[in-house]
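[1] next one to model:
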Amino acid sequence: MPALVGMSLLLAGCDDPEAADGAETGREPADLEELRDADLTRLAALVDADMKVLEALHAQDYRLVPPPGDGMSRDQYLDAVASGDLDFLAFEPVSDMDVVVSGDVAVVTYRSFIHVAAEGMGELEHDAWSTYRYERGADGWELAWEQVTAVGGFPPRTSAVSDTTPGERMRQGGGRTDRSAV
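    Numbers count the residues shown, from 1 in each chain. Got it, this is the predicted structure:
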């Protein structure tokens, strides 16, 4: 098993690589669609600042590692969205969503375009690789952990430096294979 896959499984909470290999081929299609739908719903809720949806989808012990690298708790993150300190103007996948399910833990990863107004940083547009660890509880899938890595470094170059943003280049086909967005 490649080291990167093993590390991903460890981060996902799966300590049995053989079980994960079996889960890769034995995934329930309903889980895959439910996770994709949950994540797309969450992205739309971030753009709309729909706190009821966001509170339902983020686990109580949720942790975020955003591009600057400083971790945020669930309360810190959701409070920043609710107050407008983090105002997501766009947050959308620009690659396929890869989903791996192992029991009650799932990892979702994809490249996304993020346009956000962040208090103290201004308005930022960049592509990012996002990795999410979901856990299935009594009420369904909840997001427990998230890491977002800015493509090209952070802070991203502004539109004033480049005629097009990374997300615009991706949508125009620059450096992207012809795959569906989800």
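[2] low-scoring stretches of this protein, by residue?
    1-28, 153-182 (pLDDT under 70).
[3] all helices for it, in order.
    Assigned by DSSP state H, the chain shows helices spanning 3-12, 17-25, 29-48, 51-57, 74-83, 166-171.
[4] residue 110 and residue 122, how far apart?
    26 Å (Cβ to Cβ, to the nearest Å). All C-beta atoms are positioned from the backbone trio N, CA, C, and that covers glycine.
[5] so which of those two has more stuff around it?
    Legend: neighbour count by other Cβ atoms under 10 Å for residue 110 and residue 122, higher for residue 110 (21 against 10).
[6] roughly how far apart are residue 107 and residue 46?
    Distance from residue 107 to residue 46, by Cβ to Cβ: 19 Å.
[7] and the angle for the longest strand along the chain with helix 29-48?
    Taking DSSP state E as the criterion, the chain has its longest strand at strand 122-137. If you take axes from the mean of the first three to the mean of the last three Cα atoms, to 10 degrees, strand 122-137 sits at 150 degrees to helix 29-48.
[8] list the pairing partners of strand 122-137 within its sheet, with orientation.
    Using DSSP bridges, strand 122-137 pairs in its sheet with strand 105-118 (antiparallel), strand 140-150 (antiparallel).
[9] and it, what's buried?
    124, 125, 126, 127, 128, 130, 131, 132, 133, 134, 135, 136 (16 or more other Cβ atoms under 10 Å).
[10] redo the strands paired with strand 122-137 as CSV? Include distance to residue 77.
    Converted to CSV, these look like this (distance: least, Cβ to Cβ, whole Å):
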stretch, distance to residue 77
strand 105-118, 12
strand 140-150, 9
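[11] comparing the ones you listed, which comes out most buried?
    When you average the neighbours per residue for each of these (mean count of other Cβ atoms under 10 Å), strand 105-118 leads with a mean of 21.
[12] and the angle for that one with helix 74-83?
    40 degrees.
[13] restricting to C-alpha, output strand 105-118 in PDB.
    What follows is strand 105-118, C-alpha atoms only, in PDB (Å, rounded to 0.1, in the frame of the first residue of the first chain):
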ATOM      1  CA  VAL A 105     -15.800   6.700   8.800                       C
ATOM      2  CA  ALA A 106     -15.500   8.300   5.400                       C
ATOM      3  CA  VAL A 107     -13.000  10.500   3.700                       C
ATOM      4  CA  VAL A 108     -14.000  13.000   0.900                       C
ATOM      5  CA  THR A 109     -11.400  14.900  -1.000                       C
ATOM      6  CA  TYR A 110     -11.500  17.100  -4.100                       C
ATOM      7  CA  ARG A 111     -10.100  20.300  -5.600                       C
ATOM      8  CA  SER A 112     -12.300  23.300  -5.100                       C
ATOM      9  CA  PHE A 113     -12.600  27.000  -5.900                       C
ATOM     10  CA  ILE A 114     -13.000  29.300  -2.900                       C
ATOM     11  CA  HIS A 115     -13.900  33.000  -3.000                       C
ATOM     12  CA  VAL A 116     -14.100  34.300   0.500                       C
ATOM     13  CA  ALA A 117     -14.000  37.700   2.300                       C
ATOM     14  CA  ALA A 118     -12.100  37.100   5.500                       C
END
